[in-house]
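[1] Would you be able to build a 3D model of this:
(one chain, ligands or ions: 1)
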Amino acid sequence: MWEESTALFFKKSGKYTSKGIIFSGGVLGTVKLLLKFKKSSLPKLSNKIGNMVRTNSEALMPVTAMDKKTDYSKGVAIGSILHIGEHSHLGPVRYSKGSGIWRLMMLSRVEGKSFIIRIYKIFADFITHPIKNLNTIFVDDWAKRTQVLLFMQTLDSTLKFKERLFGLGMKTKLEAGKAPTPFIPETQSIAEKYAKKINGKPMMPNNEALFGIPTTAHILSGSCMGANVNKGVIDKNNHVFGYENMLVCDGSMISANPGVNPSLTITALTERAISLIPHANTFENNYNIS
Ligand SMILES: Cc1cc2nc3c(=O)[nH]c(=O)nc-3n(C[C@H](O)[C@H](O)[C@H](O)COP(=O)(O)OP(=O)(O)OC[C@H]3O[C@@H](n4cnc5c(N)ncnc54)[C@H](O)[C@@H]3O)c2cc1C
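    Coordinates of the predicted model:
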């Protein structure tokens, strides 16, 4: 992966000394770089850069148990998946004990169309359930006492990433489907039912509760695979259309919403792409060691 400073150096000097390049900066790193290079040193890159950016349309729903003996921190991080509908499923996520920084990012789980309504509901909840609210703030070990429910869907909606003026980062625009929302109808009732069962308090990330901005840990696409340069940024073997020996191997290559945690898919596709590079499988060939 090019550091930006290195890339700028290459651009200024006009010298390209690498025999091959693999972009693997994740969606936010690779797409940003490719958008920049499309306008400067790599004009033949596809116009599809930044298109079809998507997520797992997920919701992260922590529920903090009031019982001080509860311990959700042991075991596999995500050991099971419950299918709860044609397009949706739920994974219970465990965090190892001591992972408590998350609590600072959480507020009561609320819904509502405007900031005013949601802030009113947060205050009302605090007044009606003061003990539960205080318990979630001052809980001794957030990871032990909290079951995070990860709701994911195969339903798709896509965004388009564009470069801001003067190269000041990227901006997004809805491309297709419904705008992503933190208030997915099923999620509120799932969180409430689960909280009732474990005598817990359902929470949500504060950017969602306050500003209605959905959270994702699974951002995907933006340098999608396609049949040709008019349909995608890379081919089925991860090679960038228009240039030799240039590959994209990260979440930005994924051209659909798998509806599940994506890192194994990213790893598998990357391993496949690398295995197709001639001689890439021998250390000796790569490094000229005899
Ligand atoms: C909190 C959290 C929990 C998650 N849990 C799971 C899970 O349980 N299971 C699962 O499958 N997935 C999980 N994910 C998603 C998973 O981590 C990502 O889908 C995956 O890591 C994406 O891989 P990537 O190679 O596209 O990018 P990344 O893993 O983000 O790697 C990109 C790398 O490039 C670097 N970089 C970016 N720009 C530049 C640049 N200009 N120059 C040099 N380096 C640069 C970044 O610093 C980073 O190290 C989770 C994500 C988060 C945030």
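
[2] Quick check: phi and psi on the closest residue to the ligand within the stretch 1-150 of the chain?
    Closest to the ligand within the stretch 1-150 of the chain is Gly29: 2.5 Å, counting by CB to the nearest ligand atom. Bear in mind the C-beta positions are built from the backbone N, C-alpha and C, glycine included. Gly29 adopts backbone torsions of phi -90, psi -50, taken as degrees, to the nearest 10.

[3] Likewise for Ala65?
    Torsion angles, degrees, to the nearest 10, at Ala65: phi -80, psi 150.

[4] tell me which element Ile22 falls in.
    Using DSSP states H and E, Ile22 sits within strand 21-23.

[5] What residues does the stretch 101-250 of the chain have near the ligand?
    Within the stretch 101-250 of the chain, the positions adjacent to the ligand are Ala217, His218, Asp250 by CB under 6 Å from any ligand atom.

[6] Now the buried members of those residues.
    Buried subset of these (neighbour count, 16 or more other CB atoms under 10 Å): His218, Asp250.

[7] So which bits of the helix or strand harbouring Lys162 are buried?
    If you go by DSSP H and E, Lys162 is part of strand 158-163. Buried positions in strand 158-163, judged by neighbour count with 16+ other CB under 10 Å: Thr158, Leu159, Lys160, Phe161, Glu163.

[8] Next, the contact list for the fourth one, please.
    I take that to be Phe161. Val31, Lys32, Leu35, Gly50, Asn51, Val53, Met170, Lys171, Thr172, Gly222 (CB atoms under 8 Å, 6 or more residues apart in numbering).

[9] Could you give the backbone dihedrals for Lys121?
    The phi/psi pair for Lys121 (degrees, to the nearest 10) reads phi -70, psi -40.

[10] burial count for it?
    17 (other CB atoms under 10 Å).

[11] who's in contact with the most centrally placed residue in the chain?
    The centroid of the chain falls nearest to His218 when counting by CA atoms, centre = their mean (2.2 Å). The contact partners of His218, by CB under 8 Å, 6+ apart, come to Thr55, Asn56, Glu58, Met152, Gly251, Asn261, Pro262.

[12] which secondary structure element contains Val76?
    Using DSSP H and E, Val76 maps to neither a helix nor a strand.

[13] Show the pLDDT at it.
    At Val76, the pLDDT value in this model is 91.

[14] State the distance from it to Pro185.
    Distance, Val76 to Pro185, using CB to CB, to the nearest Å: 29 Å.

[15] I appreciate the help and will end here.
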